[in-house]
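> whatever this is, show me its structure:
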Amino acid sequence: LSLFQLAGTVLGKCIFDGVVIEPQFAPFFLAKILGRVLTYYDLQSLDSELFRNLQMAKEYPGDVENDLCLNFTVAKSDGTEPELIPD
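Sure, this is the predicted structure:
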């Protein structure tokens, strides 16, 4: 949080002094600041390797769970797994 405050202070000081800057923000960060709902495809600008691997699993022609031994489950704090909703 303190880094965001620092960035805001620096940007505010530049605007106050009339200094022109061209900050380069990541697309997912700009989308979040503008209040846009982030989607699966916004992950590409955050972590391209993770996005690419998820995309390969999504487009895999075989059985992902059995062939690649992948399943997408989460555990609650009490250790139980909630039932997944099929897509």
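
> OK, contacts around residue 21?
11, 14 (C-beta atoms under 8 Å, 6 or more residues apart in numbering). (C-beta placed from N, C-alpha, C; glycine too.)

> ramachandran coordinates for it?
Torsion angles at residue 21 (phi, psi; degrees, to the nearest 10) stand at phi -130, psi 160.

> that one and residue 45: what is the separation?
The gap separating residue 21 from residue 45 is 21 Å, by C-beta to C-beta, to the nearest Å.

> and the helix or strand hosting residue 43, what's buried?
Using DSSP states H and E, residue 43 sits within helix 43-46. Burial within helix 43-46, assessed by neighbour count using 16 or more other C-beta atoms under 10 Å, is assigned to 43-44.

> keeping just the C-alphas, turn the strand or helix carrying residue 16 into CSV.
Here residue 16 sits within helix 2-17, counting by DSSP H and E. Extracted in CSV, the C-alpha atoms of helix 2-17 (Å, rounded to 0.1, in the frame of the first residue of the first chain):
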residue,chain,number,x,y,z
SER,A,2,2.8,2.4,0.8
LEU,A,3,4.2,1.9,-2.7
PHE,A,4,0.9,2.9,-4.2
GLN,A,5,0.9,6.0,-2.0
LEU,A,6,4.5,6.8,-3.2
ALA,A,7,3.5,6.4,-6.8
GLY,A,8,0.5,8.6,-6.3
THR,A,9,2.6,11.3,-4.6
VAL,A,10,5.1,11.2,-7.4
LEU,A,11,2.5,11.4,-10.1
GLY,A,12,0.6,14.2,-8.2
LYS,A,13,3.8,16.2,-7.8
CYS,A,14,4.6,15.9,-11.6
ILE,A,15,1.1,17.1,-12.5
PHE,A,16,1.4,20.0,-10.0
ASP,A,17,4.7,21.1,-11.4
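
> which residue packs closest to the residue sitting nearest the centre point of the chain, ignoring adjacent ones?
Using C-alpha atoms, centre = their mean, the residue of the chain that lies closest to the mean C-alpha position is residue 43, 4.3 Å off. In space, and not counting its chain neighbours, residue 43 is closest to residue 51: 4.6 Å by C-beta to C-beta, 6 or more residues apart in numbering.
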